[in-house]
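> My questions concern the predicted model and sequence given below.
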Amino acid sequence: MKEFIGYEKIIEGFFRRVDNGTLSHAHLIIGPNGIGKSILARIFALKILNKEKDIDYVDIVNYRPSKASMGVDEVREIIEEVSKRPYEGDKKVIIIHEGSKLTIQAQNALLKTIEEPPQGVYIILLAESLETLLETIKSRCQVYKLTPLNNKQIEKYINTLGNYSEEEIKASLAYGEGIPGKAERLLNDDNLSELREIIVKLLKDINYAKEDLVLIYENKLENYKAQQDEVLNLMASFIRDIIVSKEVEDKNKIINIDKYDDIVEIANSLSYKKLNSMLEYIKEGRVNLMNNGSYSLVISVILMGFLEV
């Protein structure tokens, strides 16, 4: 397991409750993607089972959604697993990942199991936000909120990953915004690197308003359908940086600092009015995706909007 940096008080409190026998049976870890929810859940599970080696254990059972949402059928599988006795000892841990994808019906189906699990069964639910979960679920769980780390902690984490230049570390700190997984991806994820390059090129090309621009970038961005939220987040992030660069000459306020020269170049060609209108198209696109709109159609509308404003 990678070194887990931060949240020492949360871990100490959890361990103390395990040791003195006062641990509740249901736990909810809240935080953005990449903050470390899965790793913390793993630390909790190993402590519950009294295991020191970080290897696979049959009594640590992970559930991850295979679709955009997790429904009643998936919850029935979890309930069936909960009802089975532990194999190796007297305790079992069920970790439910991406709990924000649980439908309301699925949450209601899970509620009784969270309220009264069998003896020795512990449930750890991971979610990005409390807002997506029923009050009845939240009230029956011990809640742990993971907030972004400070730059010193993130830099310490980056140093555990390998040797990086000062410029790479600076860019990772800015882009990561206190989220370890996000900072790491900027350094090591080729897919993310390619997507960022596409978006920078898109923002440069908008000024020329080529007739085939929409079709070109529809095809390019279609490959990132599985990362639809990230596509829109990156678009908004770069546009935000462009607006900031027009207002102040301070690189330290730029999130995508490794693309600073590109950002300044684009800023010189796009007006505030156009940039703010582009952000509105992205905002509308997010709403449509949340309402199960077609990713391809959302991207088409955004691109056409970029050209029109």
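The structure has been received and is ready for your questions. Numbers count the residues shown, from 1 in each chain.

> Okay, buried residues for stretch 289-304 please.
Applying a neighbour-count criterion of 16 or more other C-beta atoms under 10 Å, one finds 289, 293, 295, 298-303 buried in stretch 289-304. Using the backbone N, CA and C atoms, a C-beta is placed for each residue, glycine as well.

> Residue 83: neighbour count?
11 (other C-beta atoms under 10 Å).

> meant to ask about residue 254, not that
Residues near residue 254, counting by other C-beta under 10 Å: 23.

> Tell me the spacing between it and residue 263.
6 Å (C-beta to C-beta, to the nearest Å).

> Over to residue 186?
Taken as C-beta to C-beta, the span from residue 186 to residue 263 is 15 Å.

> hang on, the earlier thing: shared neighbours of residue 254 and residue 263, which are they?
When contacts are counted by C-beta atoms under 8 Å, 6 or more residues apart in numbering, residue 254 and residue 263 are jointly contacted by 241, 245.

> Give me the local confidence score for the nearest residue to residue 24 once chain neighbours are set aside.
Distance criterion C-beta to C-beta, 6 or more residues apart in numbering; nearest residue to residue 24, sequence neighbours excluded, is residue 142 at 4.9 Å. As predicted, residue 142 sits at a pLDDT of 97.

> Tell me if I'm right that residue 129 and residue 33 touch.
No. Contact status for residue 129 versus residue 33: not in contact, 10.9 Å apart, counting by C-beta atoms under 8 Å.

> so how far is residue 77 from the spatially most central residue of the chain?
Centroid check for the chain by C-alpha atoms, centre = their mean gives residue 33 as the closest residue, at 1.9 Å. For residue 33, the distance to residue 77 (C-beta to C-beta) stands at 24 Å.

> again with residue 269
53 Å.

> Which parts of this structure belong to which domain?
8-145, 189-308 (automatic domain parsing).

> Which one, of the ones you listed, ends up nearest to residue 166?
Across those, residue 166 has its closest neighbour in domain 189-308 (12.0 Å, C-beta to C-beta).

> Show me where the stretch 201-309 of the chain has its helices.
Listed in chain order, the helices of the stretch 201-309 of the chain (DSSP state H, counting those that start in this stretch) span 213-222, 228-247, 260-267, 272-290, 295-308.

> Next: the stretch 51-200 of the chain.
72-83, 104-115, 135-138, 151-161, 166-176, 180-188, 190-205.

> So for the fifth one, what gets flagged as buried?
Counting neighbours by 16+ other C-beta under 10 Å, one finds that the buried residues in helix 166-176 are 169-176.

> The fourth one too?
Residues of helix 151-161 classed as buried under the neighbour-count rule (16+ other C-beta under 10 Å) are 154-155, 157-158.

> what's the answer for the first one, then?
Judged by neighbour count (16+ other C-beta under 10 Å), helix 72-83 contains these buried residues: 74-75, 78-79, 82.

> Now do the helix or strand of the chain with the lowest mean pLDDT: everything it contacts.
Taking mean pLDDT, DSSP states H and E as the measure, the helices and strands of the chain show their lowest mean at helix 166-176, namely a mean of 89. Contact partners of helix 166-176, identified using C-beta under 8 Å, 6+ apart, comprise 151, 154-155, 158, 164, 182-184, 186-187, 252, 254-258.

> could you redo the last one with a cut-off of 6 Å?
Contact with helix 166-176 is made by 151, 154, 158, 182-183, 186-187, 255, 257-258, as judged by C-beta atoms under 6 Å, 6 or more residues apart in numbering.

> sorry, back to before: tell me which of residue 186 and residue 263 has more neighbours.
Per other C-beta under 10 Å, whichever of residue 186 and residue 263 has more neighbours is residue 263, with 25 against 20.

> Might one say that the more buried one is in contact with residue 241?
Yes. Counting by C-beta atoms under 6 Å, residue 263 does reach residue 241; the two are 5.1 Å apart.

> Please name the nearest non-neighbouring residue to residue 45.
Leaving aside its sequence neighbours, residue 45 sits nearest to residue 93 (C-beta to C-beta, 6+ apart; 4.0 Å).

> Next: residue 111.
Nearest to residue 111 is residue 136, by C-beta to C-beta, 6+ apart, at 5.7 Å.

> What is the neighbour count of the one you found?
So residue 136, with other C-beta under 10 Å, has 12 neighbours.

> pLDDT and distance to residue 108 for the buried residues of stretch 289-304 - can I get that in JSON lines?
Formatted as JSON lines, the buried residues of stretch 289-304 follow (pLDDT from 0 to 100; distance: C-beta to C-beta, whole Å):
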{"residue": "289", "pLDDT": "87", "distance to residue 108": "25"}
{"residue": "293", "pLDDT": "87", "distance to residue 108": "26"}
{"residue": "295", "pLDDT": "93", "distance to residue 108": "29"}
{"residue": "298", "pLDDT": "94", "distance to residue 108": "30"}
{"residue": "299", "pLDDT": "95", "distance to residue 108": "34"}
{"residue": "300", "pLDDT": "94", "distance to residue 108": "37"}
{"residue": "301", "pLDDT": "94", "distance to residue 108": "35"}
{"residue": "302", "pLDDT": "95", "distance to residue 108": "35"}
{"residue": "303", "pLDDT": "94", "distance to residue 108": "40"}
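
> With that, I have no additional questions.
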